[in-house]
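Q: Build me a model:
(one chain, ligands or ions: 2)
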Amino acid sequence: REPLPIEQLRTAIAGRLDRARRRTHSLTACDDGELLAQHSPLMSPLVWDLAHVGSQEEIWLVRDVGHRVPLRCDLDALYDAFQHPRAARPTLPLLGPDEARRYIAEVRDKALDVLDSSPLEGSELVDQGFAFGMIVQHEQQHSETMLATHQLRKGEPVLTPEPLPRSVIGTREGLPSEVLVPGGESTMGTSIEPWALDNERPSHPVVLDPFWIDTVPVTSGDYGRFIDAGGYQDPRWWSPAGWDHRQNAGLEAPLFWQRDGGGWLRRRFGVVEAVPADEPVQHVCWYEADAYARWAGRRLPTEAEWEKAARFDPATRRSRRYPWGDDDPTPGRANLGGGALRPSPAGSYPEGASALGIRQLIGDVWEWTSSDFQPYPGFRAFPYSEYSEVFFGPGYKVLRGGSWAADEVACRGTFRNWDYPIRRQIFAGFRTARNATTAEAA
Ligand code: AVJ
Ligand code: FE
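A: Ligands and ions are numbered 1, 2, ... in the order given. Just a heads-up that it's a prediction; the model follows:
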């Protein structure tokens, strides 16, 4: 893809900064009490996220790119995620909601000034404008985190869903349950995507055996059958660590589900409703996803399999940017951006299907993979090792594809998310896979 002329690039970046900021404000447009409260020990108070996005923007755009005089060095430590675990953040001397809004507006003013005067040069490692792209993605990722906080919040609803266009809604009736992905070489990661983060780089070949993968994510109805079949009571389906966790944490069903006679209810952003059977299941941890897959006689896909399923075009043998091709997401291709407050029914988004016909790989729910979060061969930390490098290792599992709460700038065929295998507050579900037999692959 051709680089944009610099003025167009500046306008595009400014637009994306502005969109991220409007979302930040919309998710913090509630009473001061709601912003200051800690709704769960897993999460920061919303007022922490609010100022944290500004603090990171000051550090990376105002100081590092712009070499401007610092505004508030005294905030660096307060809003450094590594210095204070989420549970400890409410007791810090944080900026109040109005102070935080004023601070991030001042930072934004300076950052836009830097944008106007910066040559937006690239470097050996990244394309022009990368620092701005990183900050846009960072703010959008915190909006998704704030949505997870909102979902954990008790009390009356404060967020109003925007219904998805009817034209994108589909059903899995009539779709094959699984799709064969051919074996052979494909490309994983990227060296050319301008705003790809360090952990997505560099692009490298992988060689995979043929495998089958679910056409759509596992639904709440599917998952309910696992529960009804006694899946939570049978250690055969669980990994040893998963079974320990299932017992110690008393897991019985996805987070936010409660029994209602023979069925299930769930609380969604303050509204209690019946669990929709055709919706991709959300709020399951990796151990639950892994157990479900084993019960179903299947397994989770590896990260490399997921990426091949999402990007590989058998007609050209090339890996594309997104399942549908190289063009950016549109409202007709994927459920992104956070407005819907829910995933679309399994089988939706025919226009977003991959070359092989696999649906909903981008948007709707993050998808747990079987893989640990590890660097690609040739990885180089950028711009700091705390972005990804310190998380590499067996402790974190990779999630792919982005949820309905992810913004399109922070989601693509190569994008990697990671979390602990016990985490359930994120908007994560999964799909399953299995090895293809020699006869099937022929
Ligand atoms: C990539 C979603 C795991 O939220 O911890 C936010 C993103 N990094 N601020 C996280 C991030 C720094 C990160 N995840
Ligand atoms: Fe952050």
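Q: In contact with the residue in the chain that ligand 1 sits nearest to, which residues are there?
A: Proximity of the chain to ligand 1 (CB to the nearest ligand atom) peaks at Gln141, 4.4 Å away. For every residue, glycine as well, the C-beta is placed using N, CA and C. Residues in contact with Gln141, defined by CB atoms under 8 Å, 6 or more residues apart in numbering, are Ala406, Ala410.
Q: With Asp364 instead?
A: The contact partners of Asp364, by CB under 8 Å, 6+ apart, come to Pro217, Pro280, Ala334, Asn335, Pro343, Ser344, Ser348, Gly401, Ser403, Trp404, Gly429.
Q: returning to what we had before: so for the residue of the chain closest to ligand 1, what's the pLDDT?
A: Confidence per residue is given as pLDDT, and for Gln141 that number is 98.
Q: same check, this time on the one 5 residues further on
A: Predicted confidence (pLDDT) for Met146: 98.
Q: swap in Val126?
A: Residue-level confidence at Val126 comes out at 69, pLDDT.
Q: quick one: which of the contacts of Asp364 sit in strands?
A: Here DSSP state E is the test, and the contacts of Asp364 give Gly429 as lying in strands.
Q: mind checking which helix or strand Ser371 is in?
A: Following DSSP states H and E, the helix or strand that holds Ser371 is strand 366-373.
Q: May I see the buried residues of that strand?
A: In terms of neighbour count (16 or more other CB atoms under 10 Å), strand 366-373 has its buried residues at Trp366, Glu367, Trp368, Thr369, Ser370, Ser371, Phe373.
Q: Now do the contacts for the second one.
A: Which is Glu367. Pro217, Trp306, Leu361, Leu399, Arg400, Gly401, Ala428, Gly429, Phe430, Arg431.
Q: could you redo the last one with a cut-off of 10 Å?
A: Listed by CB atoms under 10 Å, 6 or more residues apart in numbering, the contact set of Glu367 reads 214, 217-218, 280, 289, 300-301, 303, 306, 310, 360-361, 398-403, 417, 428-431.
Q: Contacting ligand 1 as well, which ones from those residues?
A: Restricting the contacts of Glu367 to those within reach of ligand 1 (CB under 6 Å from any ligand atom) leaves Asn417.
Q: Mind checking which of the contacts of Glu367 are buried?
A: Neighbour-count burial within the contacts of Glu367 applies to 214, 217-218, 280, 289, 300-301, 303, 306, 310, 360-361, 398-403, 417, 428-431; the criterion is 16+ other CB under 10 Å.
Q: and the strand holding Ser371, anywhere near ligand 1?
A: No. With CB under 6 Å from any ligand atom as the criterion, ligand 1 is not reached by strand 366-373; the gap is at least 9.0 Å.
Q: could you say which helix or strand contains the residue nearest to Arg424 when sequence neighbours are not counted?
A: Setting aside the residues directly before and after it, Arg424 is nearest to Leu255 in space (CB to CB, 6 or more residues apart in numbering), at 4.1 Å. For Leu255, there is no helix or strand it lies in under DSSP H and E.
Q: what number of residues lie near Leu255?
A: 18 (other CB atoms under 10 Å).
Q: what do you get for Gln233?
A: Residue crowding around Gln233 was assessed by other CB under 10 Å; the count is 10.
Q: residues contacting it?
A: Applying CB under 10 Å, 6+ apart, one finds that Gln233 lies in contact with Ile227, Arg246, Glu252.
Q: Can I get those residues in CSV including distance to Asp49 and pLDDT?
A: Shown next, in CSV, are the contacts of Gln233 (distance: CB to CB, whole Å; pLDDT from 0 to 100):
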residue, distance to Asp49, pLDDT
Ile227, 33, 98
Arg246, 31, 98
Glu252, 30, 98
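Q: Is Trp238 in contact with Phe226, as I believe?
A: No. Taking CB atoms under 10 Å as the definition, Trp238 is not a contact partner of Phe226, at 11.5 Å.
Q: which residues do the two both contact?
A: By CB under 10 Å, 6+ apart, Trp238 and Phe226 have these common neighbours: Tyr232, Glu288, Ala291, Tyr292, Trp295.
Q: ok, which of those also contact ligand 1?
A: Of the shared contacts of Trp238 and Phe226, not one also sits near ligand 1 (CB under 6 Å from any ligand atom).
Q: quick one: secondary structure of Thr330?
A: Using DSSP: H, G, I helix; E, B strand; the rest coil as the criterion, the local structure at Thr330 reads coil.
Q: That one: how many residues sit nearby?
A: As a measure of burial, Thr330 has 12 neighbours, counting by other CB under 10 Å.
Q: next one: Asp244
A: Using other CB under 10 Å, Asp244 has 13 other residues around it.
Q: show me what contacts it?
A: Residues near Asp244 by CB under 10 Å, 6+ apart: Pro235, Trp238, Tyr287.
Q: Can you list the strands that the strand holding Ser371 pairs with?
A: Taking DSSP bridges as the criterion, strand 366-373 sits next to strand 393-400 (antiparallel), strand 428-429 (parallel) in its sheet.
Q: now those strands in a markdown table, with mean pLDDT and distance to Ala381?
A: What follows is the strands paired with strand 366-373, written out as a markdown table (pLDDT from 0 to 100; distance: least, CB to CB, whole Å):
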| stretch | mean pLDDT | distance to Ala381 |
| --- | --- | --- |
| strand 393-400 | 98 | 14 |
| strand 428-429 | 99 | 26 |
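Q: mind putting those strands in TSV, distance to Ser40 included?
A: Putting the strands paired with strand 366-373 into TSV (distance: least, CB to CB, whole Å) gives the following:
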stretch	distance to Ser40
strand 393-400	19
strand 428-429	16
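Q: Can you check which of those gets nearest to Ala441?
A: Evaluated with CB to CB, these place strand 393-400 nearest to Ala441, the distance being 23.3 Å.
Q: what about dumping the CA coordinates of that closest one to CSV?
A: Below are the C-alpha coordinates for strand 393-400, written out as CSV (Å, rounded to 0.1, in the frame of the first residue of the first chain):
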residue,chain,number,x,y,z
GLY,A,393,6.3,-16.6,28.5
PRO,A,394,4.0,-19.4,29.5
GLY,A,395,1.9,-17.3,31.9
TYR,A,396,-0.2,-15.6,29.2
LYS,A,397,-2.4,-17.1,26.5
VAL,A,398,-3.0,-15.4,23.2
LEU,A,399,-6.4,-14.1,22.1
ARG,A,400,-7.1,-13.1,18.5
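Q: Next secondary structure after it?
A: Following strand 393-400 in sequence order, the next helix or strand is strand 416-419 (DSSP H and E).
Q: No more questions from me, cheers.
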